[in-house]
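> fold the following and give me the result.
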Amino acid sequence: MASAAAACRAPRPSGPSHCRRKNTVRLQSWAAYEAGHIPGAVHTDYVADGWRAKIGQAPGLLPPRDHLAALVGRLGITPHDDVIIIPAGVSATDAAAAARIYWTLKTIGHGQQAILDGGFRAWTADPARPVETGPSAERTAPPYPVVMQQRRIPKGPAIAYCNTGHTAALNWFVLSELLGREEVALYDGSMTDWTQDPERPVATGAE
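Below you'll find the model as predicted:
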């Protein structure tokens, strides 16, 4: 079991029966998922499923409560499930998407999630590990009971941000979940949200 507080690496499931005890959310295109996936994995598309929302001119904000409740429930995730997020394992971009989903689940109150170390690429490097093809069995659950505070710009000694809150999610994951640094926050809207208010200061140049 990997907890949100100490999920530096997700345990690699040893076989199909182990996978069935967990919601393994795989981050890849539908065609790639059907071509091969870890047994028991549930497919989600980071963009099409709306793990980030465009509100105003900021494209990377945390989605509304109702959307997240429906999305997480559709994946069959309940508050009692351990969730292993499985990126493709081929680029920093898919690792950042996995980190952003991890952060989202933690933000809505889920307590048991991890990212599979090395992703699907590392899993398939060992031919003894099982891989399924085709669509998986449908799994659904009631809308997830989202618990989160009213959205605000996070405060703390360290705030991870970028342009839209995507690549910064990976920085947050490393600082908070791998290195165990306390009081690290992710600014979901990042610069695209910050600059919507002309009264907010913006620094330019090297300083």
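
> after the longest helix along the chain, which helix or strand is next?
For the chain, the helix with the greatest residue count under DSSP state H is helix 92-107. Going down the chain from helix 92-107, the next helix or strand is strand 113-115, by DSSP states H and E.

> for the longest helix of the chain, buried residues please.
The neighbour-count check on helix 92-107 (16 or more other Cβ atoms under 10 Å) flags 94-107 as buried. Where C-beta positions appear, they are placed from N, C-alpha and C, glycine not excepted.

> residues making contact with that helix?
Contacts of helix 92-107 with the rest of the structure, by Cβ atoms under 8 Å, 6 or more residues apart in numbering, involve 4, 7, 25, 27-28, 44, 46, 51-52, 62, 68, 72, 83, 85-89, 113-115, 119, 148, 165-167, 169-170, 172-173, 177, 186.

> rewinding a little: okay, the buried residues of helix 92-107 in JSON lines with pLDDT and distance to residue 203 next?
Formatted as JSON lines, these follow (pLDDT from 0 to 100; distance: Cβ to Cβ, whole Å):
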{"residue": "94", "pLDDT": "92", "distance to residue 203": "31"}
{"residue": "95", "pLDDT": "93", "distance to residue 203": "28"}
{"residue": "96", "pLDDT": "95", "distance to residue 203": "24"}
{"residue": "97", "pLDDT": "95", "distance to residue 203": "28"}
{"residue": "98", "pLDDT": "94", "distance to residue 203": "31"}
{"residue": "99", "pLDDT": "96", "distance to residue 203": "26"}
{"residue": "100", "pLDDT": "96", "distance to residue 203": "25"}
{"residue": "101", "pLDDT": "96", "distance to residue 203": "31"}
{"residue": "102", "pLDDT": "95", "distance to residue 203": "30"}
{"residue": "103", "pLDDT": "95", "distance to residue 203": "25"}
{"residue": "104", "pLDDT": "96", "distance to residue 203": "29"}
{"residue": "105", "pLDDT": "95", "distance to residue 203": "33"}
{"residue": "106", "pLDDT": "93", "distance to residue 203": "30"}
{"residue": "107", "pLDDT": "93", "distance to residue 203": "27"}
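
> mind putting those residues into CSV with distance to residue 33?
Shown next, in CSV, are the buried residues of helix 92-107 (distance: Cβ to Cβ, whole Å):
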residue, distance to residue 33
94, 13
95, 18
96, 19
97, 14
98, 15
99, 20
100, 19
101, 15
102, 19
103, 22
104, 20
105, 20
106, 24
107, 25
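
> test my guess that residue 195 contacts residue 201.
No: Residue 195 is beyond contact range of residue 201, at 10.3 Å (criterion: Cβ atoms under 8 Å).

> between those two, which is the more surrounded one?
residue 195 (13 against 5; other Cβ atoms under 10 Å).

> please report how far that one lies from residue 61.
Distance, residue 195 to residue 61, using Cβ to Cβ, to the nearest Å: 13 Å.
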